[in-house]
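Novice: Return a 3D structure for these sequence lines:
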Amino acid sequence: MLTSTVCAAVSAAGLGIALLTAYRKRFLRAARIAAWSLIPVGLVMTGVVDWVTDLVFKPTVWAGFGVLALSALLFMITRAAERRTGGTRKQRREAAAGAPGAAVAPAASAPSLGPARTADRPKSRGTRGSGGDAEDFSDIEAILKKHGI
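Specialist: Below is the predicted model:
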């Protein structure tokens with residue numbers, strides 16, 4: 001009851017201002033003011049104002065908003081925990097299907113400078129071995145010649 005009276009008073013004041021604006025020959029502005037001033041009465045007549053006041057003043061509605069906020073918080077926490085543990089459910093399922101046992105380290109790539117040396121046959125420093133070093137130097141020389149150095 002009180003809200004409908006307040007809305008009617010606001011609308012009446014707005015229509016009065018619209019009439020004064022129209023008297024000053026500003027018809028476009030007066031029409032806009034009249035449109036804005038009719039909104040509160042329209043909201044009261046459609047029942048939106050009663051719905052909003054029921055929404056604001058009922059504790060069960062606020063408890064419902066609290067439950068929704070808690071739900072959203074739980075979604076965010078589980079999403080953050082999922083990102084820290086290693087991806088989505090699909091990625092974890094694929095990883096479990098690919099490696100049933102322990103994780104396997106990736107194979108090491110071949111060294112870029114010459115063939116691999118074995119621990120049981122070290123090369124001497126003064127002599128050239130099987131020509132692996134010579135090939136590497138020839139590659140470097142070819143690159144230097146290509147650039148004119």
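
Novice: what's the spacing between the helix or strand hosting L55 and its chain's center?
Specialist: Secondary structure from DSSP states H and E places L55 in helix 48-57. For helix 48-57, the distance from its own C-alpha centre to the chain's C-alpha centre is 34 Å (CA atoms, centre = their mean, to the nearest Å).

Novice: Below-threshold pLDDT in this structure: ranges please.
Specialist: 86-87, 99-135 (pLDDT under 70).

Novice: in it, which spans are helices?
Specialist: Assigned by DSSP state H, the helices in the chain fall at 2-23, 27-46, 48-57, 59-85, 89-98, 132-146.

Novice: Pull out the buried positions in the fourth one.
Specialist: Within helix 59-85, not a single residue qualifies as buried, counting by 16 or more other CB atoms under 10 Å. Quick note: C-beta positions are derived from backbone N, CA and C, even for glycine.

Novice: what's the angle from that helix to helix 48-57?
Specialist: 70 degrees (axes from the mean of the first three to the mean of the last three CA atoms, to 10 degrees).

Novice: thought L43 was touching V6?
Specialist: No: using CB atoms under 8 Å, L43 is not in contact with V6; the gap is 11.4 Å.

Novice: So if I had to pick from those two, which one is more boxed in?
Specialist: L43 (18 against 13; other CB atoms under 10 Å).

Novice: residues in contact with the more buried one?
Specialist: 7, 49 (CB atoms under 8 Å, 6 or more residues apart in numbering).

Novice: Tell me the spacing between it and A18.
Specialist: 18 Å (CB to CB, to the nearest Å).

Novice: about what we covered before: buried ones in the helix holding L55?
Specialist: V49.

Novice: same question, stretch 24-43
Specialist: Those would be 30, 33-34, 37, 40-41, 43, for stretch 24-43 by 16+ other CB under 10 Å.

Novice: Make a markdown table out of those residues and add distance to L70.
Specialist: Below are these laid out as a markdown table (distance: CB to CB, whole Å):
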| residue | distance to L70 |
| --- | --- |
| A30 | 49 |
| I33 | 44 |
| A34 | 45 |
| S37 | 41 |
| P40 | 35 |
| V41 | 38 |
| L43 | 31 |
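
Novice: This completes my enquiry, with thanks.
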